[in-house]
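[1] just to be clear, the model below is a prediction. Sequence and coordinates:
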Amino acid sequence: MTITSCERFTDISYELRGPVTERAARLKGEGHHIFHLHSGNPAAYGFEPPDEIVQEIARNLSRSHGYSDAQGILPARQAVVRHYERRGFGGLGVEDVYLGNGVSELIMMALQAMLNDGDEVLIPTPDYPLWSSAVALCGGTPVHYLCDENRGWCPDLPDMESKISPATRAVVVINPNNPTGAVYPRELLAEMSDLARRHRLVVLADEIYEQIRFDGAEHVPIAPLAPDVPSLTFSGLSKAYRVCGYRSGWMVLHGAKHRARSYIEALGTLADMRLCPNLPGQHAVPAALEGPQSVRDLVLPGGRLHLQRDRAWELLNAIPGVSCVKPKGALYLFPRLDPHTHRIDDDQELAFELLENQHVLVVPGSGFNWPAPDHLRITALPRLEELEPAIGRLADLLSDRAGGRCAPHLP
Ligand code: PLP
């Protein structure tokens, strides 16, 4: 008797934890030092969680062993409502807030409740690949719209509109963006919500990096720009609050709720079916959202994230044939390897080569459903002592591959 995976898995790939990462773990097990430029887990790079969050969880731990309300405990949902009221959302109630085991679980729930087989969902390319995999697993078809590197990786609206078909149900907007670091301007977001209105699409707004922005970039939540368009906004504690291991996130339903009755019922059933989200993580929500916001010290000039983002960006752009749009937010850089200088047929092979020869772990751009083998994603989380030699090793590998034609000129 064999067990085979269901047919839906045929098209699912999730490179963020794929074969390159497995090989890196084996090399590490053999005693090699690996330069980790691949992960979005702040704890793995020595980022400490805010004290008030840890204290609040510890204070509540002895009362956190039971199931909670399936949508999440009231004080946490009230804190989420207050957070979004401050951000311009109108008419929100605690019933519109669903707490979850990270945004990841809520993405699955939101799509499971929405999609029929063959329904299409517009997803950016490059994407955060969970979105494409989750759509496919829920029976839908991910349809990728282009984000334009030449315009700071902003979504290309004509391309997006050209991909809409009678089967399109929703559009995913990831802002600030993983992997590109783009933070979208208000006017562009307004045009996107207008497009959603005209084509009767649901907006799925993944705003988990909302507080991680540099150089004064403003984050505009998309939902309040079109209160008549149904939307779900996703965020949580994994990134700005550096506690991804507590698995604490939320989604908020907004706009035209009278047109979402059966959907709301389905979401309620799914919330009931998973009984409840992790309870200790829920206790952290009010402490996080209404605490000191220490993330600001990390992203301002002189802050650790700001310094690392700047240095990584400088070093990448100093490699001949490599160019990188400066990230305005989130935790990553998405450099381009010019195909005339660096002839790469398969970026997954390049990632393997970088690991084997230089012990540097990155995610190939194709892992983000980017259609050409000419990008890599690099995280800005490592300390400078790791980041600098790691990017130096990338430069060495690229130079070797190009027959020494492109030795780096590091600043
Ligand atoms: N959305 C984006 C864009 C992400 O980058 C991530 C994690 O890296 C997630 C969602 C998942 O976050 P969580 O830890 O809340 O599940």
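    Yes, it's here.

[2] contacting residues for the residue nearest to the spatial centre of the chain?
    Residue closest to the average C-alpha location in the chain (Cα atoms, centre = their mean): Asn178, at 4.6 Å. Shown in contact with Asn178 (Cβ atoms under 8 Å, 6 or more residues apart in numbering): 40, 128, 209, 330-332. For glycine as for every other residue, the C-beta is placed from the backbone atoms N, C-alpha and C.

[3] rerun at 7 Å
    By Cβ atoms under 7 Å, 6 or more residues apart in numbering, the contact list for Asn178 reads 40, 128, 209, 330, 332.

[4] I figured Pro335 was touching Ile319, is that so?
    No: counting by Cβ atoms under 7 Å, Pro335 does not reach Ile319; the two are 8.2 Å apart.

[5] strands along the stretch 301-411 of the chain, start to end?
    322-323, 332-333, 336-337, 360-361, 363-364, 376-379 (DSSP state E, counting those that start in this stretch).

[6] what number of residues lie near Phe9?
    Applying other Cβ atoms under 10 Å, we find 12 residues neighbouring Phe9.

[7] nearest spatial neighbour of it, skipping sequence neighbours?
    Spatial nearest neighbour of Phe9, excluding adjacent residues (Cβ to Cβ, 6 or more residues apart in numbering): Leu137 at 7.8 Å.

[8] go on, His199?
    His199 sits nearest to Ile164 (Cβ to Cβ, 6+ apart), 5.2 Å away.

[9] what residue spans form the domains of this protein?
    11-48+297-401, 51-289 (automatic domain parsing).

[10] can you give me the end-to-end distance of the first one?
    With Cα to Cα, to the nearest Å as the measure, the first residue of domain 11-48+297-401 is 32 Å from its last.

[11] can you tell me which of the contacts of Asn178 has the most neighbours?
    Most surrounded of these: other Cβ under 10 Å gives Ala330, at 29 neighbours.

[12] who are the contact partners of the residue in the stretch 101-250 of the chain that the ligand sits nearest to?
    The stretch 101-250 of the chain approaches the ligand most closely through Gly102 (2.6 Å), counting by Cβ to the nearest ligand atom. By Cβ under 7 Å, 6+ apart, the contact list for Gly102 reads 236, 238, 247-249.

[13] and if we set it to 6 Å?
    Taking Cβ atoms under 6 Å, 6 or more residues apart in numbering as the criterion, Gly102 is in contact with 236, 247, 249.

[14] which residues in the stretch 151-300 of the chain form strands?
    Under DSSP E, counting those that start in this stretch, the stretch 151-300 of the chain gives strands at 154-155, 168-174, 202-206, 231-236, 249-254.

[15] kindly reformat the ones you listed as TSV containing distance to Met192, mean neighbour count and mean pLDDT.
    As requested, the strands of the stretch 151-300 of the chain are exported to TSV (distance: least, Cβ to Cβ, whole Å; neighbours: other Cβ atoms under 10 Å; pLDDT from 0 to 100):
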stretch	distance to Met192	mean neighbour count	mean pLDDT
strand 154-155	7	22	98
strand 168-174	6	23	98
strand 202-206	8	25	98
strand 231-236	11	26	98
strand 249-254	15	26	98
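
[16] for these, which one sits closest to His340?
    Closest of those to His340 is strand 154-155, at 25.2 Å (criterion: Cβ to Cβ).
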